[in-house]
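Undergrad: Please find the sequence and the predicted model below.
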Amino acid sequence: MFIATLIAADRLSSGDISLAQDAMAAAGAAPSSYQWVEPDKAHDFFFAERPEEVRGTLEGLIEGVDLVLQPEAGRRKKLLIADMDSTMITVECIDELADYAGLKAEVAAVTERAMRGELAFEEALTERVALLRGLDDAILDRCHAERVRIMSGAIPLVRTMKRNGAYCLLVSGGFTRFADKVATEIGFDRAISNRLGIEDGKLQGIVALPIVGAQAKRQALVDTAEQRGLSLDQCLAVGDGANDIPMLEAAGLGIAYHAKPAAAAAADARIEHSDLGALLYAQGYPKREWQID
């Protein structure tokens, strides 16, 4: 059995539900049952066959509505692995650091190309970090205080999953000075990220090896699942860029969040309209079960 969950950024109407039911029936996969996850916000359809036809039918059918389609079994995941920049927080930290050095446009252009998969992440990171050489170490803390903001829905997502027995891992191609603080603020169990070289209070323009990139993210997922006795089907991964693709593909449910095209194409589902609370609706958590503090 499969579940197709429609999640609205604004509101789902009864007409929207009827439209989706009719579309599924026309695709040869009429729902056997259906229910609200959260009234007016998220709705489940249960069906037995033709998941790809249903996906093609429902994606983009209703404006402002996202679709998550998955097997019914194991819907509530036991491990969350999440990217940080532009996923759990609203900014790309390296671009914001570059702004303090007067180099934001130059660095952001490289970041964009790396996120689209046009440059190898490790190469792009090394190139961008080199431009920050000589920046005062204190800028890292200032940047965190002034620029880093938690993404809407991140705190309920992590804390609700943890309360229900999941392990939550933040794995970032960004930097430890940001990731450790963000992980603590949101409630992650652990953070893995890159360490900047710093000497005499100044950035050296280097990043410690090995770099946490695409394959390291995937390996963190595989290793953590194995350590906790979980199958990959019990894992949820979320990210937005090309360096998230291997972990999105490896997880039982890989979700591209407001993502670049390459990551969106590789993921099992795309969240383009809603915030991270959509990942709770996708797991069948109504809002009354969310932990928000």
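TA: Received the coordinates, thanks. Being a predicted model, the structure only gives us computed values, none of them experimental.

Undergrad: what about the nearest residue to Pro31 once chain neighbours are set aside, is that helix, strand or coil?
TA: Sequence neighbours aside, Phe45 is the residue nearest to Pro31 in space, at 4.1 Å (criterion: Cβ to Cβ, 6 or more residues apart in numbering). All C-beta spots, glycine's among them, are computed from the backbone N, C-alpha and C. When classified by DSSP: H, G, I helix; E, B strand; the rest coil, Phe45 comes out as strand.

Undergrad: List the beta-bridge partners for Phe45.
TA: Phe45 has the following beta-bridge partners by DSSP bridges: Ala4, Tyr34.

Undergrad: per-residue confidence at it?
TA: We have a pLDDT of 98 for Phe45.

Undergrad: Could you list every helix and strand in contact with the helix or strand encompassing Arg113?
TA: Using DSSP states H and E, Arg113 sits in helix 104-115. Helix 104-115 is packed against helix 93-100, helix 121-130, with contacts defined by 3 or more Cβ pairs under 8 Å, 6 or more residues apart in numbering; DSSP states H and E.

Undergrad: Which stretch among the ones you listed is buried most, on average?
TA: Among those, helix 93-100 has the highest mean neighbour count (mean count of other Cβ atoms under 10 Å), at a mean of 23.

Undergrad: returning to that earlier point: for the residue nearest to Pro31, what are its contacts?
TA: Ile3, Ala4, Thr5, Leu6, Ala20, Gln21, Met24, Pro31, Tyr34 (Cβ atoms under 8 Å, 6 or more residues apart in numbering).

Undergrad: What of Ala42?
TA: Ala42 sits in contact with Thr5, Leu6, Ile7, Ala8, Leu12, Trp36, Ala278, Tyr281, Ala282, where contact means Cβ under 8 Å, 6+ apart.

Undergrad: distance of it from Arg55?
TA: 17 Å (Cβ to Cβ, to the nearest Å).
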